[in-house]
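Participant: What would the 3D arrangement of this be:
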Amino acid sequence: MLDGWVPWPEPLAEKYRAEGYWEGRPLDRLLRESAERAPRRTALVDAGGNRWTYAELDLRADRMAAGLRRLGIGDGDRVVVQLPNTDAFVVLFFALLRAGAIPVLTLPAHRESEIVHVAEVSGAMAYAIPDLHDGFDHRVLARALRKAVPGVEHVLVAGDAAEFTALADLDAAPVPLPEADPGDVAVLLLSGGTTGKPKLIPRTHDDYVYNVRASAEVCGFDGDTVYLVVLPTAHNFALACPGLLGTLMAGGTVVLSPTPSPEDAFALIERERVTATAVVPPIALLWLDAVEWEEADLSSLSLLQVGGSKLGAEPAARVEPALGCTLQQVFGMAEGLLNYTWLDDPPELVIGTQGRPLSPADELRVVDEDDDDVPPGERGELLTRGPYTLRGYYRAPEHNSRAFTTDGYYRTGDLVRVLPSGHLVVEGRAKDQINRGGDKISAEELENHILAHPGVHDAAVVGMPDETMGERTCAYLVPREQAPAQQELAAFLTERGVAAYKLPDRVEVVEAFPRTSVGKIDKKALGRLIADRLRAEGIGGN
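Facilitator: Okay, here's the model as predicted:
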């Protein structure tokens, strides 16, 4: 069993097993079982039209698992995976599971700041990357990582490996492989980074298989499903809600898009007769506009999932008439709890809510600032626990003492109302985090980077309303002498390895920050200030 994670209490684990939520099935079997049922069915298609059957994909995973074991990567080893939407991600993901290793999933947009942190906390001994992606050379990042974290012994590269190990060279004759304990950690996901650097989320085989299985059932996935991955494959939404894994479990076909742009996605929907996909609200808004000028045939698309951040009622109402498909709102978190609008929900619930809990075993509380339950229908912070919601972040005992109640409820930081139907309406956030079109940005982390600039005395990052992204970032600066301009600050942060989506969208310079009665920076006041300024400038916001 992996050290540093918090398991479910054994009586509760026994209950989940007895009631059938946990089936004792290792995660990699999702592919194996579908390959045994329908070996010649198409499992995976990439943007270039390359196709793999279930039998071919299953064998590739076995052969790479053998190569990983030969390289010395196996039982309990953590491997940071930073691959884009290609077949290499899918094969490596299952190969790592079969080799007994634990994938630590990161996004292609992450840079040195995030990758070094993740490798250190996870204790990673390997790092998997593309050679070049979106104009960025990941091998340069790999060299910096190995200097910062000497424990990273291996760098695995899809493409030109330079001095590292090519993923293609891991192909080896299949060997007997270890059988995973379903109660052990299968994968480490990244949190949205609500306080400081991102936390690692341990997902076990048992809980993640249930997450995938129950989601596929709610969403109606079956052997005829053709699912288009437009968000990064490492994103929990695209991976397991039901996503790539749910499609493979159901025996459907996964299609990989390099980007969520209408040009790429619409062409693939037409070519492969895609039936379902998942996007974040900014992409949904882009597609709703693009359908007016793009001429692709989207008639096969029957389900559009939108999640990652709240979709407004106005664009939600436009989805079905504009795209000709059913909208499904999804509100959830990589930490566990998922809420879906059901496929047979009436339109007012699909448009006006963020769904209801996936599992009958999901336990929800809505509480006030004193952790007392609020009256039914009133707004409060959402607390949850259940058969697929973590009991603690990986190697983060101090943070866990704040993020969880003594009886195991996870403090989501989301402010919600619960309707009599059980559907949730998300009304804000209690945590200090900006949700920029589904990308979660920790204000504290970004502030710490900004404070390293010699021209900055103090910094406060707040969200500002935006019609397209939901929120964008505004960095308030108290300068030492001359504050850096936005372009200069962006260059400085980029040099520090901060991901591009975290760079401030706006910089405001002030002499001092408003303070609360106990001397803390009053971020609510700063948020009101920037919202008022945007209105005065005639810039639309929420």
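Participant: what about Q305, is that helix, strand or coil?
Facilitator: Of the three states, Q305 takes strand according to DSSP: H, G, I helix; E, B strand; the rest coil.
Participant: mind checking how far the nearest residue to it once chain neighbours are set aside is from F492?
Facilitator: Take Q305 and drop its neighbours on the chain: the residue closest to it by CB to CB, 6 or more residues apart in numbering is A278, 3.9 Å away. Just so you know, the C-beta spots here come from the backbone N, C-alpha and C atoms, and that holds for glycine as well. According to CB to CB, to the nearest Å, A278 and F492 sit 35 Å apart.
Participant: for A475, helix, strand, or coil?
Facilitator: Assigned state for A475: strand (three-state reduction, three-state DSSP).
Participant: I'd assumed L446 was in contact with it.
Facilitator: Yes: A475 is in contact with L446 according to CB atoms under 8 Å; the separation is 7.3 Å.
Participant: which neighbours do those two share?
Facilitator: When contacts are counted by CB atoms under 8 Å, 6 or more residues apart in numbering, A475 and L446 have 461, 504 as shared neighbours.
Participant: more neighbours, those two?
Facilitator: Counted by other CB atoms under 10 Å, A475 and L446 do not tie: A475 has more neighbours, with 24 against 21.
Participant: who are the neighbours in contact with the residue lying closest to A443 once chain neighbours are set aside?
Facilitator: Residue nearest to A443 in three dimensions, not counting chain neighbours: V461, with 4.2 Å by CB to CB, 6+ apart. By CB under 8 Å, 6+ apart, the contact list for V461 reads 434, 441, 443, 446-447, 450, 473-476, 504.
Participant: please redo it, this time with the cut-off set to 7 Å
Facilitator: Taking CB atoms under 7 Å, 6 or more residues apart in numbering, we find V461 in contact with 443, 446-447, 473, 475.
Participant: Point to the residue nearest the middle of this protein.
Facilitator: The chain has H235 as the residue nearest its centroid, 3.4 Å off, counting by CA atoms, centre = their mean.
Participant: ok, now which ones touch that one?
Facilitator: Shown in contact with H235 (CB under 7 Å, 6+ apart): L107.
Participant: The helix or strand the residue nearest to A443 falls within: partners in the sheet, and parallel or antiparallel?
Facilitator: According to DSSP states H and E, V461 maps onto strand 456-466. Strands that pair with strand 456-466, judged by DSSP bridges, come out as strand 470-479 (antiparallel).
Participant: still on that earlier bit, which of A278 and F492 has more residues huddled nearby?
Facilitator: A278 (29 against 19).
Participant: Setting aside sequence-adjacent positions, which residue approaches A95 most closely?
Facilitator: M64 (3.6 Å).
Participant: and the one you found, that one's in a strand?
Facilitator: No: per three-state DSSP, M64 lies outside any strand segment and is helix.
Participant: Low-confidence ranges, the protein, go.
Facilitator: For the chain, the stretches with pLDDT under 70 are 193-196, 517-519, 540-542.
Participant: if we can go back for a sec, ok, now how distant is the residue nearest to A443 from G527?
Facilitator: V461 is 11 Å from G527, by CB to CB.
Participant: And V350, by the same measure?
Facilitator: V350 sits 30 Å away from G527, going by CB to CB.
Participant: Could you do R533 as well?
Facilitator: Distance from R533 to G527, counting by CB to CB: 11 Å.
Participant: what do you get for L383?
Facilitator: For L383, the distance to G527 (CB to CB) stands at 24 Å.
Participant: Those two: who's more crowded?
Facilitator: In this view L383 and G527 are compared by other CB under 10 Å, and L383 has more residues nearby, 23 against 16.
Participant: What count of nearby residues applies to E163?
Facilitator: Applying other CB under 10 Å, we find 9 residues neighbouring E163.
Participant: Could you measure from it over to A142?
Facilitator: Look at E163 and A142: by CB to CB, they are 10 Å apart.
Participant: same deal with L304?
Facilitator: Separation of L304 from A142 (CB to CB): 36 Å.
Participant: Next: A296.
Facilitator: With CB to CB as the criterion, A296 and A142 are 37 Å apart.
Participant: neighbour count winner among those two?
Facilitator: A count of neighbours by other CB under 10 Å puts A142 above the other of A296 and A142, at 25 against 16.
Participant: Need the three-state assignment for the more buried one.
Facilitator: Following three-state DSSP, A142 is assigned to helix.
Participant: With E23 instead?
Facilitator: E23 - assigned by three-state DSSP - is coil.
Participant: Identify the farthest-apart pair in the contacts of V461.
Facilitator: By the measure CB to CB, E447 and T473 form the most distant pair in these, at 10.6 Å.
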